[in-house]
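[1] sharing a model that was predicted from the sequence below.
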Protein chains: 2
Amino acid sequence: MAKKTTSDWHGCPIRYAAAIFGDEWSMLILRDILFKYCKHYADFLNAEEGISTNILAARLHSLESEGMLRKLADPEHGARYIYRPTKKCLELIPAMLEIIEWSEKWDENTGVPSEFIAEIRLDRIAFAKRLIAQFEES
Amino acid sequence: MAKKTTSDWHGCPIRYAAAIFGDEWSMLILRDILFKYCKHYADFLNAEEGISTNILAARLHSLESEGMLRKLADPEHGARYIYRPTKKCLELIPAMLEIIEWSEKWDENTGVPSEFIAEIRLDRIAFAKRLIAQFEES
DNA sequence: CTGTATCCTTAGGGATACTG
DNA sequence: CAGTATCCCTAAGGATACAG
């Protein structure tokens, strides 16, 4: 099946969500941008899972065209860009937190919680608000 | 990328979730079983999106092996089976509801809410409890 | 009805080279 | 650094036939 977009596939909320992040790489990119502060192309490229560069570029374009990411010139570095979440993207955080909570409960193989989990556990709501505040001031 | 399973891919809650339902068809099957009371093979097969039979069979096996579905003999019909959600699956409902709420807000193309959305809107929490009650008595 | 099995096509995606 | 372009391969997935 070709990857659906929201213009192919709407009218049902689950289908709509599936069109935007219903594939493994998009979910991981959203994780990186929402919870790991990834900003630059290389940050995503160097994530643990090892996405390849062509796939990363395609997914970033897709997420940008779906209104999830903004691509901005990096004021500090001439030729660099930074990717930031849109409001639409940030508002996915509650859903992501529910998913995280569910996975933590059911993944028996997790073993020691990663730093990532530990940080989010500290205070989920405060964490979400901090992210949204970062957005407001940008 | 070959479809990952939770045994390939754990240690991160988002990755774990992506391995289970991080593809379009699995999300839609979960929708059908959690919110549309689909029970029989044909119910899934005849869903609006038109999944093909080989893909459906593969996804049902995958979801069953991940502990999301139980396949039971249908007491009322000799050769038929019914698919029912496990507890693990039902506990995904809060996350699904968050996703639905998010999609309803951001999908500008939805137009008139479907019966599906309307029913869930009635009372999300009561709806979820009803589903869980159905499970308990089964 | 509930699937399996098979054929076939295409898109997803890995590796890598290359460009501004 | 931040991508784009190619090559190539595999697996996802559509269509359809068939079996219990």
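    It's in.
[2] what's A:Ala133 in contact with, if anything?
    Applying CB atoms under 8 Å, 6 or more residues apart in numbering or on different chains to A:Ala133 gives no contacts. No exception for glycine: its C-beta is placed from N, CA and C like everyone else's.
[3] tell me which helix or strand it sits in.
    Using DSSP states H and E, A:Ala133 sits in helix A:124-136.
[4] which bits of chain A sit near DNA strand D?
    Residues of chain A found near DNA strand D (CB under 7 Å from any atom of the strand) are A:1, A:40-42, A:53-54, A:57, A:60-61, A:71, A:74, A:77, A:79-81, A:83.
[5] go again with 10 Å.
    Residues of chain A lying near DNA strand D by CB under 10 Å from any atom of the strand: A:1-4, A:22-23, A:39-46, A:52-58, A:60-61, A:71-72, A:74, A:77-83.
[6] just the ones of the residues you listed in strands?
    Among the residues of chain A next to DNA strand D, the members found in strands (DSSP state E) are A:71-72, A:81-83.
[7] please type out the ChimeraX selection for whichever of the residues of chain A next to DNA strand D turn out to be buried.
    If you want just the buried ones from the residues of chain A next to DNA strand D in ChimeraX, going by 16 or more other CB atoms under 10 Å in any protein chain shown, the selection is:
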select /A:4,22,23,39,41,44,56,60,82,83
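[8] if we check DNA strand C, which of the residues of chain A next to DNA strand D are in contact?
    Checked against DNA strand C using CB under 10 Å from any atom of the strand, these yield the following neighbours: A:1-4, A:23, A:45, A:52-58, A:78-80.
[9] what's the closest of these to B:Ile29?
    Nearest to B:Ile29 out of those is A:Met1 (CB to CB; 14.0 Å).
[10] so which residues of chain A form helices?
    Applying DSSP state H to chain A gives helices spanning A:13-21, A:24-35, A:41-45, A:53-65, A:87-90, A:93-106, A:115-122, A:124-136.
[11] mind putting these in a markdown table, mean pLDDT included?
    Formatted as a markdown table, the helices of chain A follow (pLDDT from 0 to 100):
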| stretch | mean pLDDT |
| --- | --- |
| helix A:13-21 | 94 |
| helix A:24-35 | 93 |
| helix A:41-45 | 96 |
| helix A:53-65 | 96 |
| helix A:87-90 | 92 |
| helix A:93-106 | 91 |
| helix A:115-122 | 70 |
| helix A:124-136 | 70 |
